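**Student:** Build me a model:
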Amino acid sequence: MSRVRAGVEMRRGWLALALAVATPAYAGPPPASLDAMGWLQRMYAASQKLSFSGTFIYQQGQQMETSRIVRVVDGTGSHERVEVLDGMPREILRDNDDVTAYLPGTLTVKVEKKTVARPFPGLAPENVKDVGAFYEVRKGDIWRVAGTECQSIELHPKDAMRYGQRLCADIASGMLLKAQTLNERQEVIEQFAFTQIRVGQVDRSELKSRFSGKGRDWRVEPSDMAPANLAELGWSLKTIPAGYRKVTEVKRRLGGHPDVGQIVLSDGLSAVSVFIEPAAARSGPPPGATRVGATHMYTRRVDDYFVTVVGEVPLENVKLIADGVELRRAPQ
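**Tutor:** Model prediction:
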């Protein structure tokens, strides 16, 4: 799997699961005086609780994909099933932090732990003030999404290191119904939106996989993911855009190659992945920049390794990070 593809799939996977969120039942709509920051906090609070089922679209550039999603929250935790309805069949199951992806076209099952355990847009109440440091946060118009009125919130970046965001939350519950990513010309370059949603009691039978137990000879590909400290191996990130922080650091199997280092950085709204892999094991595109829709990738060689930075951020961001990755060899 190429690093661009990996980045797009991770983003799609995180947001697919992240759109699978609902909220505790509120006594009524929020006060009219609730400001934009208050709405961000409300969206975060609405990302934790209820079961639901629905259909949403994912659009990147000229490509569009429809998925069906089911989420059940009970005494055993959070459980989800996402089924892609267009193109090659795909299904993602999540049982708390255990993620299983069925790819029937290749009879492959991919198994791994979820590495970013936070809902989109990834805000915790204590992080809202940090978002305000790097984005201008404003209340927008009232929209109508999936037959439901929602409050739009606009986040305009204060520098060239991140894209803008436009989010829309259900007025009655705070649930995120639509999310758009905007470039510097305020053009939509990626979006997720529900087309149908039902919040409330969901039968657990809807979580059952369409593909497991079908008697097929599936090939299981574990990610072999494990926590890592790449600094101990001599790696350092010398240039990180303001506002971005490390949220995950692992070693994993990727594209059939073991021992690929991965560091995930985030500013609370967007995530960037740094992949480090031995040059002898790599079969991806040559060094340089690549773009797929809103996702940029930049690759450079460092000693006997290739460093690839992938994220749904401007090219300046991934290039800055990649150019600052250094390897310090231990003295012989």
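**Student:** mind checking how far Gln196 is from Pro287?
**Tutor:** Distance from Gln196 to Pro287, counting by C-beta to C-beta, to the nearest Å: 44 Å. Where you see a C-beta, it was placed from the backbone N, CA and C, and this is true even at glycine.
**Student:** ok, Thr100 - contacts?
**Tutor:** 92-94, 109-111 (C-beta atoms under 8 Å, 6 or more residues apart in numbering).
**Student:** sec struct for it, please.
**Tutor:** strand (DSSP: H, G, I helix; E, B strand; the rest coil).
**Student:** now it: how far from Gly234?
**Tutor:** 34 Å.
**Student:** If you count contacts, what does whichever helix or strand Glu83 is part of end up packed against?
**Tutor:** Counting by DSSP states H and E, the element that carries Glu83 is strand 77-84. In this structure, strand 77-84 packs against helix 3-19, strand 63-74, strand 90-95, with contacts taken as 3 or more C-beta pairs under 8 Å, 6 or more residues apart in numbering; DSSP states H and E.
**Student:** correct me, but Val84 touches Ser67?
**Tutor:** Yes. At 5.1 Å, Val84 counts as touching Ser67 under the criterion of C-beta atoms under 8 Å.
**Student:** Run a quick neighbour tally on the closest residue to Val302 other than its chain neighbours.
**Tutor:** Using C-beta to C-beta, 6 or more residues apart in numbering and skipping residues adjacent in sequence, the residue nearest Val302 is Leu327, 5.4 Å away. Residues within reach of Leu327, counting by other C-beta atoms under 10 Å, total 15.
**Student:** Who is Leu327 paired with across the strands?
**Tutor:** Beta bridges link Leu327 to Trp235, judged by DSSP bridges.
**Student:** how far away is it from Arg219?
**Tutor:** From Leu327 over to Arg219 (counting by C-beta to C-beta), the distance is 34 Å.
**Student:** now swap in Gly213 and tell me
**Tutor:** According to C-beta to C-beta, Gly213 stands 16 Å off from Arg219.
**Student:** give me the beta-bridge partners of Leu182?
**Tutor:** Gly164, Val188.
**Student:** Provide a list of residues in contact with it.
**Tutor:** Leu182 neighbours (C-beta under 8 Å, 6+ apart): 163-166, 188-189.
**Student:** again with Gly132
**Tutor:** With C-beta under 8 Å, 6+ apart, Gly132 has these contacts: Met37.
**Student:** Quick check on it: phi, psi?
**Tutor:** phi -60, psi -20 (degrees, to the nearest 10).
**Student:** now could you export just the CA positions of stretch 310-322 as PDB?
**Tutor:** What follows is stretch 310-322 as a C-alpha-only set of coordinates in PDB (Å, rounded to 0.1, in the frame of the first residue of the first chain):
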ATOM      1  CA  VAL A 310       1.200  12.200   4.800                       C
ATOM      2  CA  GLY A 311      -1.700  14.400   5.900                       C
ATOM      3  CA  GLU A 312      -4.800  16.300   4.800                       C
ATOM      4  CA  VAL A 313      -2.900  19.500   5.200                       C
ATOM      5  CA  PRO A 314      -1.200  22.000   2.700                       C
ATOM      6  CA  LEU A 315       2.000  20.800   1.100                       C
ATOM      7  CA  GLU A 316       4.000  23.400   3.100                       C
ATOM      8  CA  ASN A 317       3.100  21.400   6.300                       C
ATOM      9  CA  VAL A 318       4.200  17.900   5.200                       C
ATOM     10  CA  LYS A 319       7.300  19.300   3.500                       C
ATOM     11  CA  LEU A 320       8.300  21.300   6.700                       C
ATOM     12  CA  ILE A 321       7.900  18.200   8.800                       C
ATOM     13  CA  ALA A 322       9.700  15.800   6.400                       C
END
